[in-house]
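Enquirer: Any chance you could fold what I've pasted below:
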Amino acid sequence: MTFIAILIGLLPSFLLVGLGAVLRPRLSLNAWQGLDKLNFEILFPALLFVAASQMPLELNKVVAIAPIVWLLLGVGLCIGYLARPFGPEAFKDFAAGWQTSWRFNTALAFIAVATTAKTGAGEMAVVVGMGVPMANAFAVIVLSRGERLGLFGTLRKVALNPFLLASLSGVAVGLSGLRIPAPVLAPLEMLSAAAIPIALISVGATMNWGALARLDWFSGLICVTKLVVMPASAVAVALLLGLEGGIAAALVIWAALPTASAAHVLAAGFGADRELAATLVAQTTLLGAVSLTLWITLAEVLF
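Expert: As a prediction, this is how the structure comes out:
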């Protein structure tokens, strides 16, 4: 029954993804790309900032969570690299797919925690806040290697990432205990409320719905890394360290998320294989509809 309840909880999100597929022909490619850019530059940063800044955060909790999140991202990066012999010959094109083995869909993170009483938006905001900077740093670094931006260019790309800036500033405000004035907070909350539905519709519009038929050794290994190895590693770490239930459940759910829907946008920005990244986004999202539900159910049982 828990599995069915969680699946029903996630159903509205997957219906929005389906709506995106229906709406795809009604907007031009430039319009969809503009929508992605709006989400990347404004709406999602607002969501991350509001989620982190409005939750009372404890420094010791942030310090405890951060190394675990970074460790799990490192697991995804290292295990994902095992797919190198099966991937594109050009390193930049391989990196376009490799990044999807550790990046995560932030929109689904906050939807997923709403389906369980074991954890909440506060814990997830901390996990996401610690994960976004490192995940994006890894992605920019590996794609930069193919583009040869150099150390300064790579650091600049990482430092100016809107997700990174929003996450760190939100965590800083949350730790400080400062209250954002209502007239300032209200428009930020309005922007953040639009982020998730627009992201899900955009994913549906971008997704190649026949992607599962294109599973091969390369994409299969990437999907297993993201949807199985990372959450299994999160379960093992949580049990080994005896983590508090809310944090443990948040880590497992976060680790089990499908890859970031913006992965293909970043790949395109570096001139890498955008279609490969988009295919992996579709594959992890479609497979994740089942696997994420299973991992949430397991987290409820264990923690």
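Enquirer: Please make it C-alpha for all contacts and neighbour counts, starting now.
Expert: Noted.
Enquirer: Roughly how far does the residue nearest to the spatial centre of the chain sit from Asn30?
Expert: In the chain, the centroid-proximal residue (C-alpha atoms, centre = their mean) is Phe104; its distance is 2.1 Å. According to C-alpha to C-alpha, to the nearest Å, Phe104 stands 25 Å off from Asn30.
Enquirer: re the thing from before, doesn't Pro258 make contact with the residue nearest to the centre of the chain?
Expert: Yes: applying C-alpha atoms under 8 Å, one finds Phe104 in contact with Pro258, separated by 5.7 Å.
Enquirer: So, low pLDDT: which residues of this protein?
Expert: Applying pLDDT under 70 to the chain flags residues 1-3, 5-7, 56-57, 146-151, 153-154, 157-158.
Enquirer: So in it, which helix runs the longest?
Expert: helix 274-302 (DSSP state H).
Enquirer: Does anything pack onto that one? Which helices or strands?
Expert: With contacts taken as 3 or more C-alpha pairs under 8 Å, 6 or more residues apart in numbering; DSSP states H and E, helix 274-302 sits against helix 2-23, helix 91-98, helix 217-224, helix 245-255, helix 263-269.
Enquirer: Going by neighbour count, list what's buried in the third one.
Expert: What that stands for is helix 217-224. Across helix 217-224, burial judged by 16 or more other C-alpha atoms under 10 Å covers Phe218, Ser219, Gly220, Leu221, Ile222, Cys223, Val224.
Enquirer: What distance do you get for Ala199 to Pro67?
Expert: Taken as C-alpha to C-alpha, the span from Ala199 to Pro67 is 28 Å.
Enquirer: What of Thr279?
Expert: To Pro67, Thr279 is 30 Å away according to C-alpha to C-alpha.
Enquirer: between these two, which one's more packed in?
Expert: Thr279 (23 against 13; other C-alpha atoms under 10 Å).
Enquirer: And for the more buried one, nearest residue in space, chain neighbours not counted?
Expert: Among residues not flanking Thr279 along the chain, Ala211 sits closest, at 5.8 Å (C-alpha to C-alpha, 6 or more residues apart in numbering).
Enquirer: residues in contact with that neighbour?
Expert: Residues near Ala211 by C-alpha atoms under 8 Å, 6 or more residues apart in numbering: Thr279, Leu280, Ala282, Gln283.
Enquirer: Closest one of the residues you listed to Thr100?
Expert: Distance to Thr100 across those (C-alpha to C-alpha) is lowest for Leu280, with 7.0 Å.
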